[in-house]
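**Student:** Here is my input, please return the structure:
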Amino acid sequence: MLRSEKDAPAAVRRRIRGMRAVALVAYLGVIGLCFASSWGPRVLWAALVPVLPLWIIAVGFHTWRQTCPLAALGALGVAIASRGDPARRALGRPPRPTGRPPRRPPAWFERWSFVVSLGVLSAMLVLRLVAINGDGTWLGVTLIGLALAAVATNLALGGKSWCNFVCPVGVVERIFTDPRLRETASSQCAACTACKKHCPDIDQEGAYWKDVRHPARRAAFYAYPGVVVAFYAYYWLREGRWQGFLDGTWLRTGASARLLLGPGFFFAPRVPAVVAASVTIGALALASYTLFDVAEAAAARWVPDAEHRRHVVLTLAAFAAFNLYYAFAGPPALRRVPGAAQALAFAVPVISTWVAARRWRQTSEGFAQARGARRLLPLWTLDTPPPRDPAAVLAFFKGQEIARGAQLGAYREALQRVALEWPIRSRDIRLLERLRADLAIGEPDHRRLVAALPDPQRRLYEAKEAAYAEKRRAQAAGPHAAVGARPEPAARTMTHVRRPLN
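**Tutor:** Numbering: from 1, shown residues only. Model prediction:
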């Protein structure tokens, strides 16, 4: 299992804390910049937001969850809910009892969390289009409102409820990184509150394969490419041209009644802008969902397994969304930097193809093999390092298991042959001891095999083995201890026992 942050090496913990501090300062700095000058929207929308998906993919899901500024601010809600105030901690006193059972999100809220998160994201995009794209004051108020919402959500529902169910970036980070792109320290809470049934912070890939076929995941992941296209297409649908988007006019347009309620479509000016933007995002989201749903049904001819087919189409949806996003995000600002737009146009397809190819090969069976191999690695005793392929690790231990079974089988046959002989001689016991040493058969396995012998043979063998052990002890004590030792009685007293038949 992946290590949590507290179990990670000290260097990793310092790096995560440093990244978290930088992200938090940047978030608060953008808020201050929004109130202080007109550069706040430009820094956020033209510089920070365009690199966010690339950053999440680069650092990995768990690292992002540990360093996200809204997640850090939302943790205040958990601290308030647990009554873990600094004064009581300083005095060494336990948290104040709340008298309430642990909080859990409603079942429907958890079941449809992907759709809820996508709905919040869509609402934020509509708000951008009709109010806060270029207005620093309202953008600052919105960023403060998101921080307070994160605190309130975690305060009301516990754990990482904001990240798992509400955050507008939550669905995006899952679309671009599920099932798992890289191995990092897990982002699980120090004290789990069981806020989510299949928690990605504990085991992202395990959570993915457990709900890969859930309708909420399908709905959100399939609709997201349409949401991306709708957001950028609306600039053209409102003005009838791309010039306002390409020259960055939208970054300098403050909130106003006309921006909110003015003509929404160039071909239907009577429709208010807020309605037009909402209809555009909803319609293209539905179209995108329908397209990928039809693609999944059509793929049944080539991919008969329903789970893998869903995984393949989810990967295609993420691939499409990533490339569509970077077809619009960034180029207007990068056009001012020589060669930057061309570099982005080259890097994005390369990165998205690498991610899609890596995800395409992943299966639930491969995940189960990898988990089994990780559990067996502590048992690896060879001097050479274990293979990187989980299937090879499992094959090695399976081969060891088969070899061990063959060793036990060979020893069982030798023991049965000795037990069938009469009389059982000391030389036979010595040969069995040597065979046990050669086959690495321990005393517990030997006793178990002896106990499995038929009762007459078992009693005869145990009597002879005990006599042989006594003789060995007497010989080890010296020749004087052996003087006067009575002859071994087994051959005389047991002659009336018939030799067992084969």
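
**Student:** distance of Ala370 from Leu181?
**Tutor:** 14 Å (C-beta to C-beta, to the nearest Å). Every residue, glycine included, has its C-beta placed from N, CA and C.

**Student:** Now the helix or strand hosting Gly140: average pLDDT?
**Tutor:** For Gly140, the host element (DSSP states H and E) is helix 136-157. Confidence for helix 136-157, expressed as mean pLDDT, is 94.

**Student:** Contacts for the helix or strand following that helix next, please.
**Tutor:** Helices and strands here follow DSSP H and E; after helix 136-157, the next one along the chain is helix 161. Helix 161 has contacts (C-beta atoms under 8 Å, 6 or more residues apart in numbering) with Pro105, Thr153, Asn154, Cys195, Lys196.

**Student:** which residues touch Ala230?
**Tutor:** Thr280, Ile281, Ala283, Leu284, Ala285.

**Student:** Quick check: which element contains the residue nearest to it when sequence neighbours are not counted?
**Tutor:** The shortest distance from Ala230 to any non-neighbouring residue, by C-beta to C-beta, 6 or more residues apart in numbering, is to Leu284 (3.7 Å). Taking DSSP H and E as the definition, Leu284 sits inside helix 273-298.

**Student:** Quick one: distance of that helix to the chain centre.
**Tutor:** Relative to the chain's own centre, helix 273-298 is displaced by 29 Å; criterion: C-alpha atoms, centre = their mean, to the nearest Å.

**Student:** buried ones in the helix or strand just after that helix?
**Tutor:** From helix 273-298 onward toward the C-terminus, using DSSP H and E, the following helix or strand is helix 306-328. By 16 or more other C-beta atoms under 10 Å, the buried positions in helix 306-328 come out as 308-326, 328.

**Student:** list the helices and strands helix 306-328 packs on?
**Tutor:** helix 52-59, helix 170-177, helix 215-239, helix 273-298, helix 340-360 (3 or more C-beta pairs under 8 Å, 6 or more residues apart in numbering; DSSP states H and E).

**Student:** Which strands or helices does the helix or strand encompassing Leu28 pack on?
**Tutor:** Taking DSSP H and E as the definition, Leu28 sits inside helix 10-36. Secondary-structure packing of helix 10-36 (3+ C-beta pairs under 8 Å, 6+ apart): helix 39-42, helix 61-67, helix 69-81, helix 136-157.

**Student:** I'd like the contacts of Ala230 written out as JSON lines, with distance to Leu125 and pLDDT added.
**Tutor:** Shown next, in JSON lines, are the contacts of Ala230 (distance: C-beta to C-beta, whole Å; pLDDT from 0 to 100):
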{"residue": "Thr280", "distance to Leu125": "10", "pLDDT": "97"}
{"residue": "Ile281", "distance to Leu125": "6", "pLDDT": "97"}
{"residue": "Ala283", "distance to Leu125": "14", "pLDDT": "97"}
{"residue": "Leu284", "distance to Leu125": "11", "pLDDT": "97"}
{"residue": "Ala285", "distance to Leu125": "11", "pLDDT": "97"}
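
**Student:** Show the buried residues in those.
**Tutor:** Among the contacts of Ala230, those classed as buried by 16+ other C-beta under 10 Å are Thr280, Ile281, Leu284, Ala285.

**Student:** Pick the one among these closest to Phe165.
**Tutor:** The nearest member of the buried ones among the contacts of Ala230 to Phe165, counting by C-beta to C-beta, is Ala285 at 19.1 Å.

**Student:** contacting residues around that closest one?
**Tutor:** Leu118, Ser122, Ala223, Tyr224, Gly226, Val227, Ala230.

**Student:** on that earlier part again, the helix holding Leu284 versus helix 215-239: what angle between them?
**Tutor:** Angle of helix 273-298 versus helix 215-239, following axes from the mean of the first three to the mean of the last three C-alpha atoms, to 10 degrees, is 130 degrees.
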